[in-house]
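Peer 1: Sequence first, then the predicted structure:
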Amino acid sequence: MSPYAVPALYAVAIWWFSTGLIILLDHLPRRTFRWSMAGASLVLAASLWAVRASAGDASEAGAYTAFTAALLVWGWQEISYYMGFVSGPAPRACPPGTRGFERFRAAAAASLWHEIAIVAGALAILVLTRDAPNRFALWTYLILWGMNLSARLNMFLGVRNLNAEFLPDHLSYLGCYLAKKPMNLLFPVSVSLATIIVALLGRTALADDLAAFELVGFTILTTLTALATLEHWFLMLPLPSSALWNWSLPARPKPASLVITAPEPAEIGHRDAA
């Protein structure tokens with residue numbers, strides 16, 4: 001088996017499963033949120049410890065640990081936001097008729113604390129990996145942050161597929177910050193830059209003089225960035241991307257069946273007589 005296959009498959013599997021798990025938890029009844037948040041916070045503490053421990057581990061296991069730990073730190077950011085624990089000073093819908101820069105200001109006010117928490121997470125990982133040989137946790141977190149920010153800006157400016165079914169009911173107010181358009185000016189820039197980053201990371205992963213842990217780390221980063229780029233295309237292409245995580249969405253109520261009952265013969269005769 002190619003030395004690139006296992007780290008690439010690992011990145012795909014953990015990306016798919018962790019995304020679905022967060023969607024599943026976010027759609028549970030709100031009474032479960034405090035328990036989910038408590039569990040996520042314990043995982044966050046363990047993940048930060050793992051980031052520190054893996055920073056000095058220049059082995060293949062160290063690369064896998066660094067990536068996984070950074071992904072779990074990012075997962076805390078997502079859970080805390082989508083469960084409403086860390087949002088912004090004004091987590092509400094924009095006033096009717098709000099457009100342009102005022103709409104942007106309202107969107108920023110709805111998620112400002114979340115953005116600050118993301119910056120704090122990046123600074124924490126930066127400190128924990130400073131001057132260490134293994135900094136894949138930091139690169140993983142920065143890629144997740146950058147691609148997430150790009151996707152949110154594109155959805156704010158307008159995309160073809162909003163995938164609104166992924167938003168839990170208590171965040172329905174965010175719908176006013178999303179726009180449905182066939183294209184926006186940022187999208188070509190976003191996917192072009194992301195594709196260039198994928199190519200650069202891939203070229204680094206294919207270099208001949210890499211250590212084993214660097215081969216694993218750069219293969220994972222290449223795969224992760226490629227997946228994030230694919231998610232961008234899901235916003236525009238007419239593809240059923242939500243089918244990837246149908247298992248994590250709550251069951252939708254089936255529409256009531258329309259049953260047409262034939263009239264009894266006596267009833268027909270009655271109508272004819274009338």
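Peer 2: That came through fine.
Peer 1: Residue 153 - how many residues pack around it?
Peer 2: Residue neighbour count, defined by other Cβ atoms under 10 Å, stands at 15 for residue 153. Every residue, glycine included, has its C-beta placed from N, CA and C.
Peer 1: following the host helix or strand of it, which helix or strand shows up next?
Peer 2: Per DSSP states H and E: residue 153 is located in helix 136-157. Once helix 136-157 ends, the next helix or strand along the chain (criterion: DSSP H and E) is helix 186-205.
Peer 1: OK, contacts around residue 235?
Peer 2: 151, 154-155, 159-163, 187 (Cβ atoms under 8 Å, 6 or more residues apart in numbering).
Peer 1: If we go by neighbour counts, what in the helix or strand containing residue 46 is buried?
Peer 2: Using DSSP H and E, residue 46 sits in helix 33-55. Applying a neighbour-count criterion of 16 or more other Cβ atoms under 10 Å, one finds 33, 36-37, 40, 43-44, 47-48, 50-52, 54-55 buried in helix 33-55.
Peer 1: Count the residues that sit near the closest residue in space to residue 89 that isn't next to it in sequence.
Peer 2: Excluding its sequence neighbours, the residue lying closest to residue 89 (Cβ to Cβ, 6 or more residues apart in numbering) is residue 109, at 5.5 Å. As a burial measure, residue 109 scores 16 neighbours (other Cβ under 10 Å).
Peer 1: you'd agree residue 109 is up against residue 88?
Peer 2: Yes - Residue 109 is within contact range of residue 88, at 5.3 Å (criterion: Cβ atoms under 8 Å).
Peer 1: how much space between the closest residue to residue 124 other than its chain neighbours and residue 34?
Peer 2: Excluding its sequence neighbours, the residue lying closest to residue 124 (Cβ to Cβ, 6+ apart) is residue 48, at 6.4 Å. Using Cβ to Cβ, to the nearest Å, residue 48 is found at 21 Å from residue 34.
Peer 1: Could you give the average pLDDT over the helix holding residue 153?
Peer 2: Helix 136-157 shows a mean pLDDT of 96.
Peer 1: Identify each buried residue in it, please.
Peer 2: Of the residues in helix 136-157, 136-148, 150-151, 154-157 count as buried by neighbour count, 16+ other Cβ under 10 Å.
Peer 1: relative orientation of it and helix 186-205 in degrees?
Peer 2: Interaxial angle, helix 136-157 versus helix 186-205 (axes from the mean of the first three to the mean of the last three Cα atoms, to 10 degrees): 160 degrees.
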